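**Student:** here's my sequence, what's the structure:
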Amino acid sequence: MKIEIIKGDITRIQADVIVNAANSSLLGGGGVDGAIHRAGGSKILEECKEIRNRQGKCKTGEAVVTKAGNLPAKYVIHTVGPVWNGNEEECSALLANCYRNSMKLAESLGVKVIAFPNISTGVYRFPKELAGTIAVESVRDFKSDILEKVIFVCFDDENEDIYRRIIEK
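**Tutor:** Here you go, the predicted structure:
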């Protein structure tokens, strides 16, 4: 699997699937979540409401999928990252699950390219260096005959620098 790092807006990325750093309500919010819901339009929110009616809220580390509405992607995978609480072992395991479960779901859709934001590093305050390491290791450890490329879409220079440093190790 090829890994690419870019700085940019995930709502404009050409990928089969983009991943949304969602909250458990699946109803949109701030940061990446709000941007994806705004850019994707009402279809995403409607599908999220249907998912909630079927299963309730989305648990931390889990992932669900909707169509991508007005976005250039085909699908949006919504995954709920952990809120950093200082428990490194627990939070790290939950964050790794976000990446693994998103890639498993992408595989089940038969897609080739998936784009991830920097999950949990905004308002959820996950330490960026640790989050980057978990993201890259989770992707490298995931074996797939279907997924061909993973794009890490960094919102700012700091995250981009962190991811580039980790990839070069």
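**Student:** correct me if wrong: G34 contacts A22.
**Tutor:** No. Counting by C-beta atoms under 8 Å, G34 does not reach A22; the two are 10.3 Å apart. The way it works is simple: take the backbone N, C-alpha and C, and place the C-beta from them, glycine included.
**Student:** looking at those two, which one has more neighbours?
**Tutor:** For G34 versus A22, neighbours defined as other C-beta atoms under 10 Å are more numerous around A22 (27 against 13).
**Student:** what sits closest to the more buried one if chain neighbours are left out?
**Tutor:** H78 (3.9 Å; C-beta to C-beta, 6 or more residues apart in numbering).
**Student:** next, count neighbours for that neighbour.
**Tutor:** Per other C-beta under 10 Å, the neighbour tally for H78 reads 27.
**Student:** for the spatially most central residue of the chain, grab phi and psi.
**Tutor:** Centroid check for the chain by C-alpha atoms, centre = their mean gives V19 as the closest residue, at 3.5 Å. Dihedral pair for V19: phi -100, psi 140, per degrees, to the nearest 10.
**Student:** next, work out how far apart P72 and V83 are.
**Tutor:** Plainly put, P72 is 30 Å away from V83 if you go by C-beta to C-beta, to the nearest Å.
**Student:** now do K112
**Tutor:** Taking C-beta to C-beta, one finds K112 at 32 Å from V83.
**Student:** then A39?
**Tutor:** In this view, A39 and V83 are 24 Å apart by C-beta to C-beta.
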